[in-house]
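J.: this one's sequence-less:
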């Protein structure tokens, strides 16, 4: 579908690590402990072959070079990561206390941000080995660390969005009526991979009454003529996420389905049009929610309007009431209002949007009208 983008270099990743330390200091912290997960991949390009009970952590503080603590048996993999030349590697062997090894790098009394993905046993082990160190979660302390994307990251998100769009174009051609939701979900997963995704995270196929559950997992329900179907699918391509939703009708839709779909379409448009640098995140939610509330369906819009996306498909910032974080050029997030009528059907429309100097730019381009499938 697209050419493989130029990999991020050691210099690129070193700049991210410096940015992380500076962000920690600005938040009143002394540094970061980064565990296996999206932050470690974003900062170093290193993805351990398996997340096990063995401690792996990246220590980022202003008073030492970035240091990656790894099990000895995994050191060869760490030496091959994109940021290896910008890292000091410290390994530990089975039978050695890894928490003491890590504690020796942390210094005295200080406060560090730690990955949300940290295992409790690792955090507790670090607390015992370094009792003077306090910890705060990344989401609590540094929610915007990965929120603003550079041009290369936006390009990857745009490519993932284009692949998801191509998937939607193809899924409209398959037969829906008489097939199980799981069969259509399998088609979606196959198409995402065909168009370049290395990882499929979700394939929601909510037909008829199942569409009223926003996170319905495709089941054995047989799709029937007249069903409205919520399709929500995405995953990772070149390490960056896609996430899009469209609602289709099997055969001609009822007047109520048409009405609800049009309300959601207008709400989604209002949310996108509200995007601009400096606008608080909650204003995107307010803009979309007002359209749905004014149409009389306010109580049936039961989730936030959007979430950030990057090296994971759900991350800060969140488009929800109470989130006053201003939008910044380069932020990327979903705008996905929905209406859910229990026992009947649901409708959701979702695009990924990036903040530009002049407003919001959609990274999904498929028709947001109510498609009719067979």
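T.: Yes, it's here. All of these numbers come straight from a predicted model, not from anything done at the bench. Numbering: from 1, shown residues only.

J.: for the rest of this, base every contact and every neighbour count on C-alpha atoms.
T.: OK.

J.: show me which positions of stretch 193-209 end up buried.
T.: 193, 195-197, 199-209 (16 or more other C-alpha atoms under 10 Å).

J.: report the central residue of this structure.
T.: Residue closest to the mean C-alpha point of the chain, counted by C-alpha atoms, centre = their mean, is residue 313 at 2.0 Å.

J.: which residue comes closest to that one once chain neighbours are left out?
T.: residue 241 (5.1 Å; C-alpha to C-alpha, 6 or more residues apart in numbering).

J.: same check on residue 180?
T.: Residue 180 sits nearest to residue 222 (C-alpha to C-alpha, 6+ apart), 4.3 Å away.

J.: state the distance from the one you found to residue 344.
T.: 15 Å (C-alpha to C-alpha, to the nearest Å).

J.: before we move on, what about residue 226?
T.: Distance from residue 226 to residue 344, by C-alpha to C-alpha: 11 Å.

J.: ok, so what distance separates the residue of the chain positioned farthest from its centre from residue 146?
T.: What lies farthest from the middle of the chain is residue 95; by C-alpha atoms, centre = their mean that is 37.0 Å. Residue 95 sits 36 Å away from residue 146, going by C-alpha to C-alpha.

J.: next one: residue 336
T.: 21 Å.

J.: neighbour count winner among the two?
T.: Here residue 336 and residue 146 are compared on neighbour count by other C-alpha atoms under 10 Å; more neighbours surround residue 336, at 29 against 22.

J.: pretty sure the more buried one is touching residue 368, no?
T.: No: Residue 336 is beyond contact range of residue 368, at 11.6 Å (criterion: C-alpha atoms under 8 Å).

J.: shared neighbours of those two, anything?
T.: Residues touching both residue 336 and residue 368 (C-alpha atoms under 8 Å, 6 or more residues apart in numbering) are residue 349.

J.: all strands of the stretch 251-374 of the chain, in order?
T.: Here the stretch 251-374 of the chain has its strands, by DSSP state E, counting those that start in this stretch, at 306-308, 315-319, 332-335, 338-341, 345-348, 351-356, 359-362, 371-373.

J.: how far is the third one from where the chain is centred?
T.: When you say that, I think you mean strand 332-335. From the chain centre to the centre of strand 332-335 is a distance of 9 Å (C-alpha atoms, centre = their mean, to the nearest Å).

J.: report all helices and strands that that strand contacts.
T.: helix 255-273, strand 306-308, strand 315-319, strand 351-356 (3 or more C-alpha pairs under 8 Å, 6 or more residues apart in numbering; DSSP states H and E).
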